[in-house]
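>>> Sequence and computational prediction follow.
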Amino acid sequence: MPFKFLNPSIIRRSAPFKVDGLAIPYPEFVPKLYNLCISLGFSRGLIMPSRAFCSDENQGWPIILLTKHFGTFPFNHGRVGGIVSIDRHGPHANHGEDSLLLQACHVGYDPGTGIYGQCTRPKMKGTCINASCGKITHVITPYLEQYQFAKDRIFLHHDDKGNHLITVKNSFIDFLSYPVKQGLVLRLEDIVKMSESGQILPKATISTSHVYEVSEDFRKRIDSTGYTWKGGEGESIGDHLTVDLFYFREDFHETDEAILLERSLIQFMPSIVTAKNPSLQAAKINIQLEFARTVESIRRGVDYQGKNLLFVSGLNIDISEFEGFPATTYFVPWAAHIQLKDGTPKEFEHPVEQDKLFAMLMEQESVNPDLTDLKGEIGRMMAAPRFDIRSPH
């Protein structure tokens, strides 16, 4: 018989995304971003900014600051959740000599508690606190609920013979004859003891569950946390249901264009639902995926050929009114793609990673000599002649 090679399981992981010490207030970040463009050789007064932000109202001040510092309202390059509309590269490129694209997912932050994911809605009566990015929250909530249910309905225990056991609901088990079609799937092969023939055989079967003896490696792993195994029905697995012990098999919940967000996050959903701050983790992952996808679309496309282009991705952190101070937003840079029309230097042949990008931004002045006086411009508009606008005859 011909020898058959086994296809290896190729695991995709997210990169470390640092926040501590890298958050820049938007009133400081945007002039630094403008000056970075100028330092790269972009033309003053001819830079067309574009933003791929969520549509929430708390993203308004960053947009106003981009308008103020770049002298024009930024092109809209995004969908809810911070998804980049890569089909808009062409129109954006045609609106200015030089191009800036800024992509950011956003998440709320409470400086008092250190908790991410919520913000105050000032246009609602009373004190209305809800999800800072409704789209990210909407996408991850069904998975969070499934994970919590699994934590409560999978049990660890031992029997009178000293066997260490796990009781698993049938709905979490990917049986050969009846695989899980939708929902959380437990990686039993990493938890239970297998037979000599490599089969996963239960020690017992009850009405809605199967009982398995755990492997020695898994038992040692649990014991190393100081856990005490209990007899009888034992107790729920709780936080011992870690990121590497399950995955999700799902029909997507979204039905509109926002399905792009769920499709991107599904492979990383175990790391999201087990994170201390799930919405922050989801935003970090989506930023990384959108940066890679957008850079690929730029490199393979023709829309920005022969142009100066700076594409920057990062995290917008929204802080609601706090101790008498107005709502504000901070930017945490992630990565940048730089191309220059006169030839891109070797140092920018690859993306600029987080630490270097932060250093490049912080080297720039926080004062923009080309700042637009928005109030003055609006005053000029008000003073302009009233035109007689008519339909053509």
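All right, it came through fine.
>>> helix/strand/coil for the residue lying closest to residue 95 once chain neighbours are set aside?
Distance criterion CB to CB, 6 or more residues apart in numbering; nearest residue to residue 95, sequence neighbours excluded, is residue 48 at 4.6 Å. Any C-beta I mention is one placed from the backbone N, CA and C, and that applies to glycine too. The three-state label given to residue 48 by DSSP: H, G, I helix; E, B strand; the rest coil is strand.
>>> Would you quantify the distance from residue 147 to residue 345?
The spacing between residue 147 and residue 345, counted by CB to CB, to the nearest Å, is 46 Å.
>>> Between those two, which is the more surrounded one?
residue 147 (21 against 10; other CB atoms under 10 Å).
>>> Wasn't the more buried one part of a strand?
No - going by three-state DSSP, the assignment for residue 147 is helix, not a strand.
>>> what's the pLDDT at the closest residue to it other than its chain neighbours?
Of all residues not flanking residue 147 in the chain, residue 273 sits nearest, at 4.1 Å (CB to CB, 6+ apart). In this model, residue 273 is scored at 97, pLDDT.
>>> so residue 273 touches residue 145, yeah?
No - Residue 273 lies out of contact with residue 145 (CB atoms under 8 Å); the separation is 9.2 Å.
>>> These two: which has the busier surroundings?
The neighbour comparison of residue 273 against residue 145 (other CB under 10 Å) goes to residue 273, with 25 against 11.
>>> how much space is there between the more buried one and residue 365?
For residue 273, the distance to residue 365 - CB to CB - is 43 Å.
>>> ditto for residue 324
Residue 324 is 29 Å from residue 365, where distance means CB to CB.
>>> Residue 384 too?
When distance is defined by CB to CB, residue 384 is 33 Å away from residue 365.
>>> Parallel or antiparallel, list what pairs with whatever helix or strand residue 313 lives in.
Secondary structure assignment for residue 313, by DSSP states H and E: strand 309-319. Strand 309-319 has its sheet partners listed here by DSSP bridges as strand 98-110 (parallel), strand 328-339 (antiparallel).
>>> So which of those strands is the most surrounded?
Between those, strand 98-110 has the highest mean count of neighbours, a mean of 25, where neighbours are mean count of other CB atoms under 10 Å.
>>> in the helix or strand hosting residue 30, what's buried?
Using DSSP H and E, residue 30 maps to helix 26-39. For helix 26-39, a neighbour-count test (16 or more other CB atoms under 10 Å) marks 26, 28, 29, 30, 31, 32, 33, 34, 35, 36, 37, 38 as buried.
>>> Please produce CSV containing these, extended by distance to residue 141.
Formatted as CSV, these follow (distance: CB to CB, whole Å):
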residue, distance to residue 141
26, 28
28, 34
29, 31
30, 33
31, 38
32, 36
33, 33
34, 38
35, 41
36, 37
37, 39
38, 43
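>>> All the helices of the stretch 101-250 of the chain, residue numbers only.
134-153, 216-223 (DSSP state H, counting those that start in this stretch).
>>> which secondary structure elements does the first one contact?
Going back to what we said before, that points to helix 134-153. Judged by 3 or more CB pairs under 8 Å, 6 or more residues apart in numbering; DSSP states H and E, the packing partners of helix 134-153 are strand 183-186, strand 235-236, strand 246-249, helix 259-265, helix 269-273, helix 278-300.
>>> Swap in 7 Å and give it another go.
Other helices and strands packing on helix 134-153, by 3 or more CB pairs under 7 Å, 6 or more residues apart in numbering; DSSP states H and E, are strand 183-186, helix 259-265, helix 269-273, helix 278-300.
>>> Tell me the gap between that helix and the middle of its chain.
Averaging C-alpha positions (CA atoms, centre = their mean, to the nearest Å) puts helix 134-153 16 Å from its chain's average.
>>> Report the inter-axis angle for it versus strand 98-110.
40 degrees (axes from the mean of the first three to the mean of the last three CA atoms, to 10 degrees).
>>> And helix 134-153, what's buried?
Judged by neighbour count (16+ other CB under 10 Å), helix 134-153 contains these buried residues: 135-140, 143-144, 146-147, 150-151, 153.
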